[in-house]
Structure formats: structure tokens, C-alpha cells
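> when you get a sec, could you give me coordinates for this:
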Amino acid sequence: MKKNHLLWMAALAGAAVMIAVPLARGFGDDRNNDHDSDHTGAGGNGADPYAIGLWGDLPYSATQATVGVPNLIADMNSQHLAFTAHDGDILSGSDKCTDAVYTQALTFFNSLRAPAIYTPGDNDWVDCDRQPGFDALTQLDKERGLFFGTPFTLGLQRFKEEVQASPKCLGVSGPVPCVENRRWHVGRVTYATLNIQGSCNNLCGDNPNRSAYIPGNQAEYDARTAANIAWMQDTFAEANAGHSAAVMFITQADPGFNQDSSQGGPLRNPMTLAETDGLPDGFQTFLVALRAQVIAFKRPVAYVHGDSHYFRIDKPLLDATGMRLENFTRVETFGDNQQNGVNDVHWLKVLVDPGSREVFAYQPQIVPGNRTAVPAP
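The predicted structure follows:
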């Protein structure tokens, strides 16, 4: 126990170093911006365009860890990005949640040239119960200490983020701050992470096929859901107060938005947002609250997640009358969809122009070194 404690404290100390954050003014030049005095994070005068990098659900194999992810990181490091964000799952669902997995991920994040943001995935803590000797909340406590022990991002360059202090989530010993929920502003855009998980968001136990109900951790789910809703609502309130041009949320779970079986997440009535399989629903309460805020905000809202391992950008959210919400965009990042190599180990570049009508433009980045079906020319 003492050895593990010293390991985490040493890793945390190494992660606490902050470096000033020079960021690209445009999408491709070398000029640096000053910090925006009205916002945390970075972003120049608020009107300048910039780019960010999104990835997640990686690595899922030794090959991806030793070849695919290093190639991906090198590709992101070759471009000018305001920040990068990994939307969870730093190991496959069949792997053990060992200390080495977490320290490997920390090494990856801290090798990124731009500030690096991370939000936990279900494989990282919820599903650790699959392996004898591992406990979900124990693993989440480890992640909170290792990745979220300071108010700064990870990465070679860092900036300070807002950190949720209340309402509380649960840890092994009781209520604790949801330090994994972060918020920051770049230019005139507000960003936030939310700890929302696959595997029924920990309301249900480990049952990937959802063929029957297995109890999860109701108390943990209730506390975290209340915290997530509060953080989401506070994010919109802050975006409105700061006259943000758009909001982007980054989380892990694919909650499902409608009755399209190809979407990956659970099927749900698109108007009531209730699951249609009759099993306990780990997402409806949050989705209903989110939809109300999206409608009231009126401006672009991007909802980034992983979980289903299928790159897509669509507009799946309807209002209670069945009308599509034009200002809401779901963005699912690339993830391991073929575990036999590096075929799906890619990332998404988002061009952010606060002065444009839609604010976000999406440009998938196929990493040349990870092309296998059609090798790079």
C-alpha cells in the first residue's frame, strides 16, 4: 500500500509543473497569442481563429500503445493546436486497470506539445470491476489524484482550468469534489468536461449486451449525475455571462439520442429521451436537462464523446415535439474499432472561428503512419 501511495504522489508531483502557454494565432502560422484577460485558458483577443485536437478510446492494444498512439501524438505535435482533449478509455475493456496503464497514459498526455485535457472513460474505472482485485471507485480515486490533482491541464504547455467543487461526487471514503469536471475558455468559446460513462453510466452493472439488468452503484450514480447537471448548467450560465459564441462539452459515454440502431448508444425515444429497452436509464435525466439548456442558449453547442468507436458528426437531438435542434452537433471521435492494429488510430482537428456562423468546422486527421488498408503515398 505504501509503495503504491508513493508511486502516485511521485507521479502527481511530476504532473504539477506548469509551463507558459504560447498558442498559434491562426490555423497554421507560428505567431503566439497572449492570454485572454477575460478568460481562463488561452486565446488571444477572442476573435482569432484557432484549432484543437480531439481523440479517445486509445490505446486498446500493445501495438497501438507502442506504434499507433506515438504516431498520432507526433502528428498532433506537428500542427498548431490551442489544446488537445482525450475523451476517455485509456485501455480496452478486457485489460486490467493496473498502475502501469495510468502512468503510461500520463506519459502520453505529457508528451503532447499543446495543453492536454483528459476526461475518464468507463474502461478506466467503471468497468475495472470486471477484473478480480479491482474496484471501480478505488480506480476513480487514483485517476482523480494522478490526472486531476492540480487545477492545470496536462501536456508540455499548460493553462489553468476551472474545477468543480460542488455538489460532491463519491469516492471510496465518501463525498469528494468532482475534480475531473473542468471548464476553460479559449477566445470566445466555452469548453467543459463531464464525467459521464458508458456501461449505463454506473447505474447498471457490467453487462455490455444489456440483455438483463445488473445493479450498479446507485448512490455513486446519483451524486455524479447531480454534479454533472449542475456543471453543465453552470457552463451555459458562464457562457451567457461572457457572451461566448459557442459551447463544447467533452465526455466519454455515447448516451444514444434516438431510435437509430446504427448510432451505437442505447436506443431512446427522441422526444422523451427515455430508453426504449425498459432497462434502467443512466442518461435520460442528464439529456433532458441538457436539451433545455441547448434550446435556451440558441448558439452552437458541440457534444463530443467516444465510447462507440465510430467516427461521426451528426445532429441527432430533437425537441419534445420532434423538431431537430439545429444548434446541437454530436461529435464522436475516432476510437479502436479494429483491435488488430492501428487502422483506426486517428484524431479529429476542429477549426474554431468564433466570428463564423457555425463556429466549429471539423477536419478528420488520418495519421499517415497509421494507414494500413490504403498506405500513405
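> going along the chain, name the helices of this protein.
Listed in chain order, the helices of the chain (DSSP state H) span 2-15, 62-63, 69-77, 99-110, 136-147, 218-241, 284-297.
> of the ones you listed, which is nearest residue 256?
helix 284-297 (8.9 Å; CB to CB). Just so you know, the C-beta spots here come from the backbone N, C-alpha and C atoms, and that holds for glycine as well.
> of the helices of the chain, flag the one that's most buried.
helix 136-147 (a mean of 21; mean count of other CB atoms under 10 Å).
> orientation of it relative to helix 99-110 in degrees?
40 degrees (axes from the mean of the first three to the mean of the last three CA atoms, to 10 degrees).
> contacts for helix 136-147 next, please.
8, 11-12, 15, 97, 99, 102-103, 105-106, 109, 118, 120, 124-129, 154, 170-172, 176, 179-180, 202, 217, 220 (CB atoms under 8 Å, 6 or more residues apart in numbering).
> before we move on, what about stretch 370-377?
67-68, 71-72, 341-343, 345-346, 368-369.
> do stretch 226-242 as well
So stretch 226-242 is contacted by 38-39, 164, 166-169, 178, 181, 183, 185, 188, 190, 192, 194-196, 244, 247, 249, 285-286, 289-290, 293, 296-297 (CB under 8 Å, 6+ apart).
> off-centre distance for it?
16 Å (CA atoms, centre = their mean, to the nearest Å).
> for the stretch 201-350 of the chain, give me the ranges with low pLDDT.
By pLDDT under 70, the low-scoring segments of the stretch 201-350 of the chain are 206-215, 338-340.
> strands of that one, start to end?
Assigned by DSSP state E, counting those that start in this stretch, the stretch 201-350 of the chain shows strands spanning 246-250, 301-305, 312-314, 328-332, 347-352.
> mind putting these into TSV with mean neighbour count and distance to residue 273?
Shown next, in TSV, are those (neighbours: other CB atoms under 10 Å; distance: least, CB to CB, whole Å):
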stretch	mean neighbour count	distance to residue 273
strand 246-250	25	16
strand 301-305	25	13
strand 312-314	14	16
strand 328-332	22	13
strand 347-352	21	26
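> would you turn the ones you listed into CSV with distance to residue 363?
Shown next, in CSV, are those (distance: least, CB to CB, whole Å):
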stretch, distance to residue 363
strand 246-250, 15
strand 301-305, 14
strand 312-314, 11
strand 328-332, 12
strand 347-352, 4
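> and of the ones you listed, who's closest to residue 93?
strand 301-305 (16.2 Å).
> which other helices and strands contact the closest one?
strand 246-250, strand 328-332 (3 or more CB pairs under 8 Å, 6 or more residues apart in numbering; DSSP states H and E).
> which among those strands is found nearest to residue 263?
strand 328-332 (8.7 Å).
> for residue 313, which of the helices of the chain is the nearest?
Across the helices of the chain, closest to residue 313 is helix 284-297 (CB to CB), at 16.3 Å.
> returning to what we had before: can I get the helices of the chain in CSV with distance to residue 269?
What follows is the helices of the chain, written out as CSV (distance: least, CB to CB, whole Å):
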stretch, distance to residue 269
helix 2-15, 43
helix 62-63, 41
helix 69-77, 37
helix 99-110, 37
helix 136-147, 29
helix 218-241, 19
helix 284-297, 9
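> among those helices, which is nearest residue 48?
Between the helices of the chain, helix 218-241 lies closest to residue 48; by CB to CB that is 18.4 Å.
> so how far is residue 195 from the residue nearest the centre of the chain?
Centroid-nearest residue in the chain: residue 87, 2.8 Å away (criterion: CA atoms, centre = their mean). As judged by CB to CB, to the nearest Å, residue 87 and residue 195 stand 11 Å apart.
> need the residues touching each of those two.
119, 251-252.
> circling back: and of the strands of the stretch 201-350 of the chain, who's closest to residue 58?
strand 347-352 (9.1 Å).
> off-centre distance for that closest one?
14 Å.
> got a winner among the contacts of stretch 370-377 for most neighbours?
residue 345 (32 neighbours; other CB atoms under 10 Å).
> could you dump the helices and strands packed on strand 301-305 into JSON lines and include distance to residue 93?
Below are the helices and strands packed on strand 301-305 laid out as JSON lines (distance: least, CB to CB, whole Å):
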{"stretch": "strand 246-250", "distance to residue 93": "21"}
{"stretch": "strand 328-332", "distance to residue 93": "17"}
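> and the contacts of stretch 162-171?
40, 137, 140-141, 144, 148, 151, 175-179, 181-184, 195, 217, 219-220, 223-224, 226-227, 230-231.
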